[in-house]
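In: Predicted model and sequence below, questions to follow.
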Amino acid sequence: MTLYENASTVNILPPIWFVLSLMLLCHLSRHIRLVAQRFRPACPFQSQQNRPIHPKPAQMPKRPHDPVDVEARKERATKLRREKSPDASTVQEHQDDVLRHPTIERAKEIDAHPPMVELEELLKEQKTDQPVRNVLHWFRSKDLRIEDNKGLHFASKKAKEGKGMLLTAYLFSPRDMEWHGTSAARSDFILETLRIMQKQLKELNIPLVFLTAPERRDKSGTVMDFVKAHDISHIYGNFEYEVDELRRDIKIAKLTKEDGNLSFHVHHDQTVVAPGRMTTGTGGPHKVFTPFHKSWLSLVAQEPQLLDACDSPASNDKSARDKFKDLFDSSVPELPENKRFNSEEEQVRIRGLWPAGHAAGIDRLEHFLKEKVATYARNRSSPGKDPSSRLSAYFSAGVISVREALTAAKKQNKGKNFDGSGNDGIAGWAREIVFREFYRQVLAIQPHNGMNLPHNLKFQGVVYNDNYEAEKKWYEGMTGVPFVDAGMRQLNTEVCILCILEVFRADQQSVRHICTIVHA
């Protein structure tokens, strides 16, 4: 019997030859691609798909973390290449770079034990029956308002239970600004908003104190020294979901627990629905936006009180002005030299584009709902029509709350939900706000997303071209690609960029670089 007389072999041979042929084609294709890349002139704007296959992690070069300052990057690279007797500053800079870019193994360890979970457990163990003395609300850089501020609201209520006063504070940490790459525009916006808030609170006989931490490691100690010096029994604040901020709060929670006569209370204020509350059918957290969005719409329809605003704080007694005179005299700190605008002209222009304070944010919200939102669904991808609300800076710093914004949008939508049953533009805009909430959930359950690492960790191995001159042209909007250049010129002029322009320029630079600039 010949080979082909065996029926089973006849059925098996074609699939085998097909698989072998595919393997051979893939092998040849890979070698052709490598040869082509070797002899092709380097292009600074290669698409992600056409970039060289990355080496093994052990062979990967270190990537500079600052995509903007070309000269500073060159200097850092030179320092880190020193092999003999590096000075102390070079060693510290190298350590900082490692911390900014942790290993995948370390990222997975942190994801397995999210700091959010640890903080929530510590908060449950806080003492709650101590006598109410003075109460502190600790403002963070994401809740800069006295209107509809959950932490401030509950701090005010607690203060009224005793004979003490409500005090407020903001922790100023210049080193954190450096560490997180905070831009001059955002730094100035935060301090100008705080200046307005200080005046508002003073009218309520409530002091706003500025505490300064010289180094990042001093943050917790600076707050606790203030607490002990002013007979404070309760500390209130609002959650920040990034790893560094959660670790800071974990440290405070441990210190207050050890004290035994002090408690720390943190509230969810950045979102309508607290991260982790909504789960999938299997009981786990949502990791995909579309089902998260559907669950959010359903929950808000069932519990419309989620959009209810909190009351502003009640006034202190007038005697607080005399008792805490030194606190009322606290001055807004000066920004470090490298966090200031380059010129007075730039300062005037940027402050005009992004006026600080809650009232300015509400004015902008009302203008958007009256003039733009009806056509938002149709125009949101047309940058020439300026379709956006231009509220990102106000949401980012918590100058207006998402509850305020969505309540106003619902009123404009004649009381209808955000599921498309009313105005399509309002539904589309609300969807963008829900996506913001989704990202905070992702940060809480997968902390590595806030650690200069890609969401999908397998892409950490991608190597990018370090062509400094080409990157400078990209940054200045001089690549010769009109749509991308328009986006970069807008970013450089207005410190803001429309979503559609950001997407188009994504092919020019890595997502990591984009996030560093846009969200600084």
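Out: It's in. Residues are numbered from 1 along each chain as shown.

In: can you tell me how far K150 sits from G384?
Out: Relative to G384, K150 is positioned 39 Å away (criterion: CB to CB, to the nearest Å). Every residue, glycine included, has its C-beta placed from N, CA and C.

In: Give me the more crowded residue out of those two.
Out: Neighbour count, other CB atoms under 10 Å: between K150 and G384, K150 has more, with 21 against 8.

In: pretty sure the more buried one contacts Q270?
Out: No. In this structure K150 lies outside contact range of Q270 using CB atoms under 8 Å: 9.6 Å.

In: tell me, what's touching the two both at once?
Out: Residues touching both K150 and Q270 (CB atoms under 8 Å, 6 or more residues apart in numbering) are N238.

In: Please, where are all the helices along the stretch 301-450 of the chain?
Out: All helices of the stretch 301-450 of the chain, identified by DSSP state H, counting those that start in this stretch, fall at 320-323, 325-328, 344-353, 358-371, 376-379, 392-396, 402-412, 424-445.

In: The nearest residue to L369 once chain neighbours are set aside: what's it in contact with?
Out: The shortest distance from L369 to any residue that is not its chain neighbour, by CB to CB, 6 or more residues apart in numbering, is 4.7 Å, and that residue is Q412. Contact criterion CB under 8 Å, 6+ apart gives L369, K370, V373, N423, I426 as the residues in contact with Q412.

In: Tell me, how many residues neighbour A229?
Out: Based on other CB under 10 Å, the number of other residues close to A229 is 8.

In: So which residues of the stretch 101-250 of the chain form strands?
Out: 134-139, 166-172, 208-212, 232-238 (DSSP state E, counting those that start in this stretch).

In: Let me see the contact set for L119.
Out: Contacts of L119 were listed using CB under 8 Å, 6+ apart, and they are L246, D249, I250, A253, V266.

In: give me that answer again for 6 Å
Out: Residues in contact with L119 (CB atoms under 6 Å, 6 or more residues apart in numbering) are L246, D249, I250.

In: Near the first one, how many other residues are there?
Out: For L246, the number of neighbouring residues by other CB under 10 Å comes to 24.

In: What of the second one?
Out: Counted with other CB under 10 Å, the burial measure for D249 works out to 25 neighbours.

In: leaving aside the residues next to it on the chain, what's closest to it?
Out: Ranked by CB to CB, 6+ apart and with sequence neighbours excluded, the top spatial neighbour of D249 is L119, at 5.5 Å.

In: What of the last one?
Out: Leaving out its chain neighbours, the residue that sits closest to I250 by CB to CB, 6+ apart is L119, at 5.1 Å.

In: ranges for the helices of the stretch 51-200 of the chain?
Out: Listed in chain order (using DSSP H, counting those that start in this stretch), the helices of the stretch 51-200 of the chain are 70-80, 88-100, 104-112, 115-124, 150-159, 174-180, 184-203.

In: Which stretch among the ones you listed is buried most, on average?
Out: Between the helices of the stretch 51-200 of the chain, helix 150-159 has the highest mean count of neighbours, a mean of 23, where neighbours are mean count of other CB atoms under 10 Å.

In: Run through who's touching that one.
Out: Residues external to helix 150-159 that are found in contact with it (CB under 6 Å, 6+ apart): 135, 137, 166, 234, 236-238, 267, 269, 310-311, 313-314.

In: filter those residues to the buried ones?
Out: Neighbour counting with 16 or more other CB atoms under 10 Å marks V135, H137, L166, H234, Y236, G237, N238, H267, D269, C310, P313 as buried within those.

In: If the second one is in a bridge, with which residues?
Out: Listed by DSSP bridges, the beta-bridge partners for H137 are T168, Y236.

In: Can you check the pLDDT for it?
Out: Turning to H137, the model gives it a pLDDT of 98.

In: ok, now how distant is it from H153?
Out: As defined by CB to CB, H137 lies at a distance of 9 Å from H153.

In: Can you check which of the helices of the stretch 51-200 of the chain gets nearest to K416?
Out: helix 150-159 (26.0 Å; CB to CB).

In: how many degrees apart are that closest one and strand 134-139 in direction?
Out: What separates the directions of helix 150-159 and strand 134-139 is an angle of 170 degrees, with axes from the mean of the first three to the mean of the last three CA atoms, to 10 degrees.

In: Could you check how far Y439 is from A112?
Out: In this structure, Y439 lies at 20 Å from A112, with CB to CB as the measure.

In: one step back: how about the buried ones among the contacts of helix 150-159 in CSV, adding distance to L201?
Out: Compiled in CSV, the buried ones among the contacts of helix 150-159 are given as follows (distance: CB to CB, whole Å):
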residue, distance to L201
V135, 14
H137, 10
L166, 9
H234, 18
Y236, 14
G237, 16
N238, 16
H267, 19
D269, 17
C310, 16
P313, 8
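
In: and which of those residues is nearest S392?
Out: Within the buried ones among the contacts of helix 150-159, the smallest distance to S392 is 17.6 Å, found for D269 (CB to CB).

In: Give me the pLDDT for the residue lying closest to the closest one once chain neighbours are set aside.
Out: Using CB to CB, 6+ apart and skipping residues adjacent in sequence, the residue nearest D269 is N238, 3.8 Å away. According to the model's per-residue confidence, N238 sits at a pLDDT of 98.
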